[in-house]
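Chemist: below are the sequence and a predicted model for it; my questions follow.
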Amino acid sequence: MSMGTSDVIITPRTAKANSGGSYLEWSAISGGAVLSAAITTVMAAFGSAIGLSLVSADTARSSGLVGVAIATGLWAIWITVSACGAGGYLAGRMRRPIGDASDHERHVRDGAHGLVVWAAGALLVTMIATSSLFGAAKTAVMGAAAASGGAAALISQQSDPLGSVLDSVMRSTGSTPPTAAERDEASRIFLTGLTTGKLEPADRDYLASRVAARMSIPQPEAQKRIDEAYAKLEQAKATAKQAAERARKAAVITAFMTAAVLLLGAAAAWLAAQLGGKHRDEEIDLGSLFGRR
C-alpha cells in the first residue's frame, strides 16, 4: 500500500540517562569528604600526642631531630593516604552508577568522585585547623616542635651576643659604672663593623682607649679584648647565618614533602574510589572483615 505524503513515520528516540545533568553525586562526595576530614583530625591529634612523648627540653631524654622528622613525615603520609583512601572508597561505594556508561567510564567517574573528595576534604581540614576545634592538637604540635630543639635551642634563642660582649668590655674596676651613652656608642661601633665586615682601626683604637681607662689596664691588653669581643660577634653572626640557611632548607624540604604527600593522597582517593565502585558493582560483602552476626 502506498503511503501518502501526509503520513509521517515517527521513530521513538531513547532519552539518554542523566541528560543535561551532572555526573557528580554530591551526597556521596560530601560523606567521603567529611569522613576524610574526621580521620585526619583524629589521627593528627593522636600523632601530636605521640610526638610530645618522643621529645623533651632535656636533650638527654629527647629523641634526635632526624628521627622525629622521619617519624613525622611517615605519620603524615599514613594519615593522608588512609584518610583520603577511606573517603574515596566511601564515595565510590555510595555513588549511584548511571546505566549509559561502559565499565571503563564507570571507573573514571568513580575515580573522579575520589579526587573531588580529596579536594573537598583538604578544604575541610584547612578550615578545621584554623578553628578552635583543632586548638588542642595545634597546641600540641607547636609544643612538640619547641621541645624537640632541647634546652640548648631555648637558651640560644634568649641569648644576646651583643649585650654579652658589651658587658665583658665595658666593665669597670672603679666605682663609676659605664653610662648608657657609652654602651650605645660601643654598640654602634660594633654593629657598623659587623655590617661592613671589618672593625675600622680608628674605631678599634678609640674603644680600646675607653676600655683601658675604664678598667685601668694597658692599651695593648684593651685592644686584645676588643679583638676578642669582635671575634665573638663575628662567630655569632656566622652561627645566625647557618641557622637561617638551615631553616630555609628545611622550609624548602617541607614544602616539597607537603606537595608530595598531597599528591599521594589524591592518588589514594582516586584508586580507593574505583575500588569502592568495583565492590559496589560486584556487591562485595565486607561483613566477613568484621565477622558474621
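Modeler: It's in. All values derive from a computational prediction rather than experimental measurement.

Chemist: which other helices and strands contact the longest helix along the chain?
Modeler: Looking across the chain with DSSP state H, the single longest helix is helix 219-282. Using 3 or more CB pairs under 8 Å, 6 or more residues apart in numbering; DSSP states H and E as the contact definition, the elements that helix 219-282 packs against are helix 65-94, helix 103-129, helix 161-169, helix 180-196, helix 201-215. C-beta here means a position set from N, CA and C on the backbone, and glycine is covered the same way.

Chemist: and the first one with helix 219-282, angle?
Modeler: So the one you mean is helix 65-94. For helix 65-94 and helix 219-282, the angle between their directions (axes from the mean of the first three to the mean of the last three CA atoms, to 10 degrees) works out to 20 degrees.

Chemist: next: the shortest one.
Modeler: Orientation note: helix 161-169 sits at an angle of 160 degrees relative to helix 219-282 (the same axes, to 10 degrees).

Chemist: OK, contacts around the closest residue to Ile77 other than its chain neighbours?
Modeler: For Ile77, ignoring the flanking residues on the chain, the nearest one in space by CB to CB, 6 or more residues apart in numbering is Val261 at 5.6 Å. Residues touching Val261, when contacts are defined by CB atoms under 8 Å, 6 or more residues apart in numbering, comprise Gly73, Ala76, Ile77, Thr80.

Chemist: and those, which is closest to Lys224?
Modeler: Distance to Lys224, by CB to CB, is smallest for Gly73 among those, at 49.3 Å.

Chemist: one step back: and the residue nearest to Ile77, how far from Arg188?
Modeler: Relative to Arg188, Val261 is positioned 48 Å away (CB to CB, to the nearest Å).

Chemist: Arg280 now?
Modeler: To Arg188, Arg280 is 75 Å away according to CB to CB.

Chemist: can I get stretch 264-275 in PDB? Just the C-alpha atoms.
Modeler: Extracted as PDB, the C-alpha positions of stretch 264-275 are listed here (Å, rounded to 0.1, in the frame of the first residue of the first chain):
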ATOM      1  CA  LEU A 264      49.800  10.600  47.300                       C
ATOM      2  CA  GLY A 265      46.500  11.500  49.000                       C
ATOM      3  CA  ALA A 266      45.000  12.300  45.600                       C
ATOM      4  CA  ALA A 267      46.200   9.000  44.100                       C
ATOM      5  CA  ALA A 268      44.900   7.100  47.100                       C
ATOM      6  CA  ALA A 269      41.500   8.800  46.800                       C
ATOM      7  CA  TRP A 270      41.300   8.000  43.100                       C
ATOM      8  CA  LEU A 271      42.200   4.300  43.500                       C
ATOM      9  CA  ALA A 272      40.100   3.800  46.600                       C
ATOM     10  CA  ALA A 273      37.000   5.300  44.900                       C
ATOM     11  CA  GLN A 274      37.500   3.000  41.900                       C
ATOM     12  CA  LEU A 275      37.800   0.100  44.300                       C
END
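
Chemist: that stretch: which residues count as buried?
Modeler: Taking 16 or more other CB atoms under 10 Å as the neighbour-count basis, stretch 264-275 is seen to contain the buried residues Gly265, Ala266, Ala267, Ala268, Ala269, Trp270, Leu271, Ala272, Ala273, Gln274, Leu275.

Chemist: re earlier: pLDDT score for the residue nearest to Ile77?
Modeler: Val261 carries a pLDDT score of 90 in this model.

Chemist: quick check: Ala101 touching Arg109?
Modeler: Yes: assessed by CB atoms under 8 Å, Ala101 is found in contact with Arg109 at 6.7 Å.

Chemist: got a list of what Gln223 touches?
Modeler: With CB under 8 Å, 6+ apart as the criterion, the residues that contact Gln223 are Arg204, Asp205, Ala208.

Chemist: sorry, wrong one. I was asking about Ile50.
Modeler: Under the criterion of CB under 8 Å, 6+ apart, the contact list for Ile50 reads Ala71, Trp75.

Chemist: does it sit in a helix or strand, and which one?
Modeler: Taking DSSP states H and E as the definition, one finds Ile50 inside helix 26-54.

Chemist: now do that helix, average pLDDT.
Modeler: Rounded to a whole number, the mean pLDDT of helix 26-54 is 84.

Chemist: go through it and flag the buried ones.
Modeler: Burial within helix 26-54, assessed by neighbour count using 16+ other CB under 10 Å, is assigned to 28-29, 31-41, 43-44, 47-48, 51, 54.

Chemist: perfect, I'm done here.
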